[in-house]
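*Asks:* I would like to see how this sequence folds:
(one chain, ligands or ions: 1)
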Amino acid sequence: MVKATFKINSDNIISEIDPRMWGSLTEQLGRCVYNGIYQPGHPLANKDGFRTDVIEAIKKLRVPLVRYPGGNFVSGYNWEDGIGPKDTRPVRLDIAWKSIETNQFGLHEFLNWCKCIGAEADMAINLGTRGIDAARNLIEYCNFPSGTYWSDLRIKNGQKEPFNIKLWSLGNEVDGDWQIGHKNAHEYGRLAHETAKAMKRVDPSIELIACGSSLHTLDTFGSWEETILDNVYEDVDYLSLHQYYDDNEHDIKKFLSSSVDLDSFISEVVSICDAVKARKHMDKTMYLAMDEWNVSYHSKESDAKQKPWQVAPHLLEDHYTFADALVVGSLALTLLKHADRIKIGCLAQLVNVIAPIMTNNEGNPSVWYQSIFYPFMQISNFAQGESLKVDSKVENYTVVNRDVPYLSSAAAVNKATNEIVLFIENKADEPAQFEYQLCNFPNVSLKKATQFAGYDLDATNENQLMHISDLKDVAIDNNTVKGKLDAYSWNMIRLSL
Ligand code: AHR
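*Replies:* Residues are numbered from 1 along each chain as shown. Reported below is the predicted structural model:
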């Protein structure tokens, strides 16, 4: 049996958890938008064509923020194609995903849909094939009250009040040579700076995200961040980082240690931001937007078989395993541990495309939950308030020169609900015994302890058999929580203060 001791102290707070931490991405890709969130004519669609069953499923995840319209798609997108009467909108080739884009879903539809799910928009602009001019027009259209060409066009298109979009992403993964309009760091840095300048002249109240690295392992990692920040440190509020993990090597121990890599990635980006801050004698701290993260790899073969130039093709429809859910859980814990710098997070993506929520075109249920839905649901609902520093004493295993603790944990204290929430993941193939000491807290009592456990690592959830169950073996003695955790398990313990 693996043994672990954890300790939290009420004085040892990492930071407030930004409510935007548990956001997501909806890209105009595959069946994420079309036949995912938007499907006019479907029996469960509302008058706007939005699937109400999907809205209900998303509400369970309490998604606070949605990045849109991409992803790679945005780097070839003309935002003007998605406004105005639907029968006049052009059908275009989407060369990022070799698909047909009908433009029946665009800016107004997205922002109206955000209202239905109670989320804020993070609007990504095209800095691949386009630039300053399209961006300044888009922000005039969205945020300027009236009396100009673009703001009056918005009013003509049915939206009297400005949308007042606060958060904007300056392009997508511009460092990757797969990106339409890929640029080197100098080219992107200059363009991002000039675009930020123009956008802020229209609306100085906006917040901006600059593109950081789209993979920890890219050759340009590090130098990319430095050059970009040299150009835009003064202009932007956040630097992005993207990371997807896979088990292509069929090495479960390595796969389950993915969060150790993510932890280094985040710490390294923080160091680079702080070095640039020092060099520039700045007071401002650069925050991070982990605006794409997930496991992604299962659909590679089936994607390759898809015929090009279809509308809403079945692309990136990974069916997630229980092992993937454990990895997603531990990645989320890593974000929580870095809550002082990570202020924005987007699980990529939300529906059908590498997603926690899947739709069936026909059949029952019309919506189903993937394995990764469960840990993400718990973290997005309960990792609120403040993130606490967790000291841990846990046995490690070693994989590719990495020390990997068998158990990882993060904790949150939520003053609004008077709760402490402990998350513990056991990566070992055997049960674990833990002790969690709560120092300097008033006496706590157990509110609810749950586990997500007991499935084969390869099991997927099309049959909807997976569920969260009660964690039985938990006791509290003198503000120390003790218990036993199943092998390969994700656990959440809620304590009342
Ligand atoms: O989420 C799928 C794709 O992964 C996104 O379009 C892109 O930004 C990333 O490479």
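
*Asks:* for T195, see how far away whatever residue of the chain ends up closest to the ligand is.
*Replies:* Checking the chain residue by residue against the ligand with CB to the nearest ligand atom singles out G71 as nearest, at 2.9 Å. Heads up, the C-betas are built off the backbone N, CA and C, glycines and all. Spatial separation of G71 from T195 under the definition CB to CB, to the nearest Å is 18 Å.

*Asks:* same thing with L333?
*Replies:* As judged by CB to CB, L333 and T195 stand 35 Å apart.

*Asks:* pull the number of nearby residues for the residue of the chain closest to the ligand.
*Replies:* Number of residues near G71 (other CB atoms under 10 Å) recorded here: 25.

*Asks:* give me the pLDDT for it.
*Replies:* In this model, G71 is scored at 98, pLDDT.

*Asks:* who touches it in this structure?
*Replies:* 25, 27-29, 96, 124, 172, 292, 348-349 (CB atoms under 8 Å, 6 or more residues apart in numbering).

*Asks:* do the same with E80
*Replies:* Contacts for E80 (CB under 8 Å, 6+ apart) come out as N137.

*Asks:* give me phi/psi at it?
*Replies:* phi -70, psi -20 (degrees, to the nearest 10).

*Asks:* likewise for K7?
*Replies:* When quoted as degrees, to the nearest 10, the phi and psi of K7 stand at phi -140, psi 130.

*Asks:* before we move on, what about the one 5 residues further on?
*Replies:* Phi and psi for N12, reported as degrees, to the nearest 10, are phi -110, psi 80.

*Asks:* okay, now it: neighbour count?
*Replies:* Using other CB under 10 Å as the criterion, N12 is surrounded by 13 other residues.

*Asks:* show me which of the contacts of G71 neighbour the ligand.
*Replies:* Cross-checking the contacts of G71 against the ligand (CB under 6 Å from any ligand atom) gives 27, 172, 292, 348-349 as the overlapping residues.

*Asks:* narrow those to just the buried residues.
*Replies:* Among the ones next to the ligand among the contacts of G71, those classed as buried by 16 or more other CB atoms under 10 Å are 27, 172, 292, 348-349.

*Asks:* and those, which two are furthest apart?
*Replies:* Of all pairs drawn from those, the one with the largest separation by CB to CB is N172 and Q349; the distance is 12.8 Å.

*Asks:* where's L335, which helix or strand?
*Replies:* Under DSSP states H and E, the secondary-structure element containing L335 is helix 322-337.

*Asks:* strands of the stretch 201-350 of the chain, start to end?
*Replies:* When assigned using DSSP state E, counting those that start in this stretch, the strands of the stretch 201-350 of the chain occupy the ranges 207-210, 238-245, 287-295, 310-311, 342-348.

*Asks:* average pLDDT for the first one?
*Replies:* On average, the pLDDT along strand 207-210 is 98.

*Asks:* right, is it up against the ligand?
*Replies:* No - interface with the ligand: strand 207-210 contributes nothing (CB under 6 Å from any ligand atom), its closest point being 13.0 Å away.

*Asks:* that older thread, TSV for the strands of the stretch 201-350 of the chain, including distance to N479?
*Replies:* Formatted as TSV, the entries for those read as follows, by distance: least, CB to CB, whole Å:
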stretch	distance to N479
strand 207-210	40
strand 238-245	36
strand 287-295	33
strand 310-311	58
strand 342-348	29
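
*Asks:* nearest to E462, of those strands?
*Replies:* Nearest to E462, of all the strands of the stretch 201-350 of the chain, is strand 287-295, at 16.9 Å by CB to CB.

*Asks:* what lines up beside that closest one in the sheet?
*Replies:* Strands that pair with strand 287-295, judged by DSSP bridges, come out as strand 238-245 (parallel), strand 342-348 (parallel).

*Asks:* out of the ones you listed, deepest packed?
*Replies:* Between those, the one whose residues have the most neighbours on average, counting mean count of other CB atoms under 10 Å, is strand 342-348 (a mean of 26).

*Asks:* and that one, average pLDDT?
*Replies:* pLDDT averaged over strand 342-348 equals 98, rounded to a whole number.

*Asks:* likewise for stretch 143-153?
*Replies:* With pLDDT averaged residue by residue, stretch 143-153 scores 98.

*Asks:* for that stretch, measure first residue to last.
*Replies:* The distance separating the two terminal residues of stretch 143-153, taken as CA to CA, to the nearest Å, comes to 12 Å.

*Asks:* may I see the buried residues of that stretch?
*Replies:* 143-144, 150-151, 153.

*Asks:* tell me the contacts of the closest residue to A411 other than its chain neighbours?
*Replies:* Nearest residue to A411, sequence neighbours excluded (CB to CB, 6 or more residues apart in numbering): L388, at 4.4 Å. Contacts for L388 were tallied using CB under 8 Å, 6+ apart; they are 8-9, 12-14, 410-413, 420.

*Asks:* what pairs with L388 across the strands?
*Replies:* In this structure, L388 has the following beta-bridge partners (DSSP bridges): I13, A411.

*Asks:* all helices of the chain, in order?
*Replies:* When assigned using DSSP state H, the helices of the chain occupy the ranges 52-61, 107-117, 132-143, 149-156, 185-202, 223-232, 252-256, 258-279, 300-304, 322-337, 373-382.

*Asks:* contact partners of the third one?
*Replies:* Helix 132-143 is contacted from outside by 78-80, 83, 107, 123, 125-127, 148-151, 153-154, 162-165, 168, 191, 194-195, 198-199, 201-203, 206, using CB under 8 Å, 6+ apart.

*Asks:* select only the buried ones of these in PyMOL?
*Replies:* In PyMOL, a selection of the buried entries from the contacts of helix 132-143 looks like this (16+ other CB under 10 Å):
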select buried, resi 79+80+83+107+123+125+126+127+150+151+153+154+162+163+165+168+191+194+195+198+199+202+203+206
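
*Asks:* ok, back up a step: next one: phi and psi at the residue of the chain closest to the ligand?
*Replies:* As for G71, its main-chain torsions (degrees, to the nearest 10) stand at phi 70, psi 170.
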